[in-house]
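Undergrad: Let's see this in three dimensions:
(chains A and B)
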Amino acid sequence: MRTVAVVGASLAGLSAARSLRKQGYDGRLVVVGDEPHRPYDRPPLSKEFLAGSLAEAELALEGDDEDLAAEWLLGTRAVALDHRGRKVRLADGREVRADGFVLATGAAARTLPGSEGLAGVHTLRTLDDARALRDELARGGRLVVIGGGFIGAEVASTAYALGLEVTVVEAAPTPLAGPLGEAMGAVVSGLHADHGVRLVCGVGVKGLSGESRVDAVLLEDGRSLPADIVVVGVGARPNVEWLEGSGIALDNGVKCGADGRTSLAGVVAVGDCANWYDPRAGHHRRVEHWTGARERPDAAIATLLAQGAVEPGVPRPPYFWSDQYGVKIQFAGHAAAADSVTVEAGSADGRDVLAVYRRAGDPVAVLGMNQPRLFTRWRKQLGAPR
Amino acid sequence: MMIPACRLADLPRGEAHRLDIDPPVSVFHTDDGELFAIDDTCTHQDASLADGWLEGCEVECPLHASKFDLRTGAVDAPPAKLPVRTHEVVVEDGMIYVQLSLAAPNLPPCISARLAGGPA
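TA: Predicted structure coming up:
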């Protein structure tokens, strides 16, 4: 293999580039990124960076003296994969010919239909999004966050600490019920009320009001929530439109094996755009977690370099963290697989809970709030081969 | 400076002992029976490496995914970028002592800011 093109220059793309060099690939390496920035870290965008306590330079993912000997084509989007011609076409008309391709184009924040062009309405996914939101939050006022998931909750927590009046609107009866289950979703989202942030649940958003700038969020039950700033945190969709027509199998992202191999030879997928086969769960899943984007490229690159001749190891259970209102929230495993949840240490009321999810008696997931030591022990146990 | 940590008999393999000095230092007893001492705070964010995932000669930060090499202090991958200091470990009469490094520590931005009197 003489040229590898990594399409996507965020954590998954950078991790893939690093894996290539670490695994001995010494050919030409091209990294394509649609943003103009070198790879940067996203988790602080809703927390320390948004709060102004972390400078932009500190977001850089590359080390000061790191040199991957890569060609960086930044600020240009990939628009097509021509598998037969072994090339990726870019929005600026350029083409990158390569023998191997790593698809790492991530996911894009979902928006609210009809909110385009209305000032004061934000999503939070990129550094540019975070800069714009940070500047607005600095002016203060009433913030309405649409969506009580992790991004919404982190923005609410950060904005509350900055002194804004914050309301979170969640369509489901309990926020975080998807990732954490109903009982623990209620415990974690109880942090909002602890801090005087209003949580409005079980009602959908009908739309936004305002002429050139948003002034309220209109709910489906007829209520109207006055707002100076609105953040839409309603999930993300994989950036795979550009692959349509390439012949690659798509299904909620790029469909791929546990080792990242796709339906096309010499093409692997990693990160948020990859819907990979999870041998533990027995089905495909697309996991938008930082740790997955960081760890999974190792297996995908081994597959790419070996031309598919390696057996993938069993990946560690998915792991993510969140920081809200000064509480460290950690989760590993799959809540949906559980038939019971028990509190093993701390308490829900004390917001220092360590809860273990089990299926037929076997641990399948663990949640910790300010319990890093115990959490690590349980996470290790979840990851042990069974 | 030589600091007494704990008795070797009180630190089972696979465990860590944290010294509450400033900045804190932790002694790790690996599954292979080796002893290492490093700065306890992850260089990325305020987290105690003694609470982390010890595997071989590496400890993974309990919060995020960076791993530190107990032998050299080197970090393997983001979000942490800087190494931790390593300290010499001496065992005398069943007691573990740590000989503190004279190098400047690499502390995460929030801790550095606090030490400098700025916002945490």
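Undergrad: How about the one residue in the stretch 1-150 of chain A that gets nearest to chain B, nearest residue that isn't a chain neighbour?
TA: Nearest to chain B, among the residues of the stretch 1-150 of chain A, is A:Leu61, at 4.8 Å (C-beta to the nearest C-beta). C-betas here are computed from N, CA, C, even on glycine. Nearest non-adjacent residue to A:Leu61, counting by C-beta to C-beta, 6 or more residues apart in numbering or on different chains: A:Pro39, 4.3 Å away.
Undergrad: thought the one you found was touching A:Ala9?
TA: Yes - look at A:Pro39 against A:Ala9 with C-beta atoms under 8 Å: they come within range, at 5.4 Å.
Undergrad: so what's in contact with these two at the same time?
TA: Listed as contacting both A:Pro39 and A:Ala9 by C-beta atoms under 8 Å, 6 or more residues apart in numbering or on different chains are A:Gly33.
Undergrad: The two: which is more packed in?
TA: A:Ala9 (28 against 23; other C-beta atoms under 10 Å in any protein chain shown).
Undergrad: any idea how far A:Arg125 is from that one?
TA: 14 Å (C-beta to C-beta, to the nearest Å).
Undergrad: Need the distance between the two termini of stretch A:226-241.
TA: Stretch A:226-241 has an end-to-end distance of 36 Å (C-alpha to C-alpha, to the nearest Å).
Undergrad: Now do the buried residues in it.
TA: Residues A:227-234, A:236, A:238-240 are the ones in stretch A:226-241 that count as buried (16 or more other C-beta atoms under 10 Å in any protein chain shown).
Undergrad: for that stretch, what is the average pLDDT?
TA: What stretch A:226-241 shows for mean pLDDT is 98.
Undergrad: Then stretch B:98-105?
TA: On average, stretch B:98-105 scores 95.
Undergrad: Send me that stretch as PDB with only the CA atoms.
TA: This file holds the C-alpha atoms of stretch B:98-105, laid out as PDB (Å, rounded to 0.1, in the frame of the first residue of the first chain):
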ATOM      1  CA  VAL B  98       9.400   7.600  47.700                       C
ATOM      2  CA  GLN B  99      12.400   9.800  46.700                       C
ATOM      3  CA  LEU B 100      10.700  12.800  45.200                       C
ATOM      4  CA  SER B 101      11.800  14.000  41.800                       C
ATOM      5  CA  LEU B 102      13.200  17.500  41.600                       C
ATOM      6  CA  ALA B 103      11.700  18.200  38.200                       C
ATOM      7  CA  ALA B 104       8.800  20.600  37.800                       C
ATOM      8  CA  PRO B 105       5.400  18.800  37.700                       C
END
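Undergrad: Okay, buried residues for that stretch please.
TA: Residues of stretch B:98-105 classed as buried by neighbour count (16+ other C-beta under 10 Å): B:98, B:100-101, B:105.
Undergrad: out of the residues you listed, which one sits closest to A:Pro175?
TA: For those, the residue nearest A:Pro175 by C-beta to C-beta is B:Pro105; the value is 39.1 Å.
Undergrad: So the closest one versus B:Ile38, what's the distance?
TA: Distance of B:Pro105 to B:Ile38, given as C-beta to C-beta: 10 Å.
Undergrad: Quick check: neighbours shared by those two?
TA: Contacts common to B:Pro105 and B:Ile38, judged by C-beta under 8 Å, 6+ apart, are B:84-85.
Undergrad: Any stretches of the stretch 251-386 of chain A with poor pLDDT?
TA: For the stretch 251-386 of chain A, the stretches flagged by pLDDT under 70 are A:308-309, A:312, A:385-386.
Undergrad: So of the buried residues of stretch A:226-241, which two are at opposite extremes in space?
TA: Spanning the widest gap among the buried residues of stretch A:226-241 are A:Asp228 and A:Val240, at 35.3 Å by C-beta to C-beta.
Undergrad: Could I get the full set of strands for the stretch 201-350 of chain A?
TA: A:205-210, A:214-219, A:224-226, A:229-232, A:236-238, A:254-256, A:267-269, A:274-278, A:283-285, A:319-324, A:327-333, A:340-345 (DSSP state E, counting those that start in this stretch).
Undergrad: Could you say which of the ones you listed is packed most deeply?
TA: Most buried of these, by mean neighbour count (mean count of other C-beta atoms under 10 Å in any protein chain shown): strand A:267-269, with a mean of 30.
Undergrad: Kindly confirm my reading that A:Leu73 is in a helix.
TA: No - under DSSP: H, G, I helix; E, B strand; the rest coil, A:Leu73 falls outside any helix and is assigned strand.
Undergrad: So the most centrally placed residue in chain A versus A:Leu11, what's the distance?
TA: Chain A has A:Glu288 as the residue nearest its centroid, 3.9 Å off, counting by C-alpha atoms, centre = their mean. A:Glu288 is 11 Å from A:Leu11, where distance means C-beta to C-beta.
Undergrad: about what we covered before: nearest to chain A among the buried residues of stretch B:98-105?
TA: B:Pro105 (17.3 Å).
Undergrad: isn't that closest one right up against B:Arg85?
TA: Yes - here B:Pro105 lies in contact with B:Arg85, judged by C-beta under 8 Å, at a distance of 5.5 Å.
Undergrad: Mutual contacts of these two, please.
TA: Joint contacts of B:Pro105 and B:Arg85 (C-beta under 8 Å, 6+ apart) are B:Asp39.
Undergrad: Can you name the residues that contact A:Thr76?
TA: Contacts of A:Thr76 (C-beta under 8 Å, 6+ apart): A:32-34, A:90-92, A:94.
Undergrad: give me the number of residues near the closest residue to chain B within the stretch 101-250 of chain A?
TA: Per C-beta to the nearest C-beta, A:Ala161 is where the stretch 101-250 of chain A lies closest to chain B, at 10.7 Å. A:Ala161: 16 surrounding residues under other C-beta under 10 Å.
Undergrad: Nearest residue to A:Ala132 in space, please, no chain neighbours.
TA: Spatial nearest neighbour of A:Ala132, excluding adjacent residues (C-beta to C-beta, 6+ apart): A:His122 at 6.4 Å.
Undergrad: Quick check: that neighbour vs A:Gln330, distance?
TA: In this structure, A:His122 and A:Gln330 are 27 Å apart, going by C-beta to C-beta.
Undergrad: Hmm, B:Leu82 and A:Glu58 touching each other?
TA: No - counting by C-beta under 8 Å, A:Glu58 stays clear of B:Leu82, with 11.2 Å between them.
Undergrad: who in chain A is up against chain B?
TA: Counting by C-beta under 8 Å from any C-beta of the partner chain, chain A comes close to chain B at A:11, A:15, A:18, A:41, A:43, A:48, A:53-54, A:58, A:61, A:63-64, A:290-291, A:294-295, A:319, A:321, A:328, A:330, A:372-373, A:375-376, A:379-380.
Undergrad: Which of those are buried, as a PyMOL select command?
TA: This is how PyMOL selects the buried members of the residues of chain A next to chain B, with burial counted by 16+ other C-beta under 10 Å:
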select buried, chain A and resi 11+15+18+41+43+48+53+54+58+61+290+291+294+295+319+321+328+330+372+375+376+379+380
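Undergrad: how about the residues of chain B that lie near chain A?
TA: Counting by C-beta under 8 Å from any C-beta, chain B sits next to chain A at B:47-48, B:50-53, B:62-65, B:77-79, B:81, B:109-110, B:113, B:119.
Undergrad: Try it again at 6 Å.
TA: Selection of chain B residues close to chain A by C-beta under 6 Å from any C-beta of the partner chain yields B:51, B:53, B:62-63, B:65, B:78-79, B:81.
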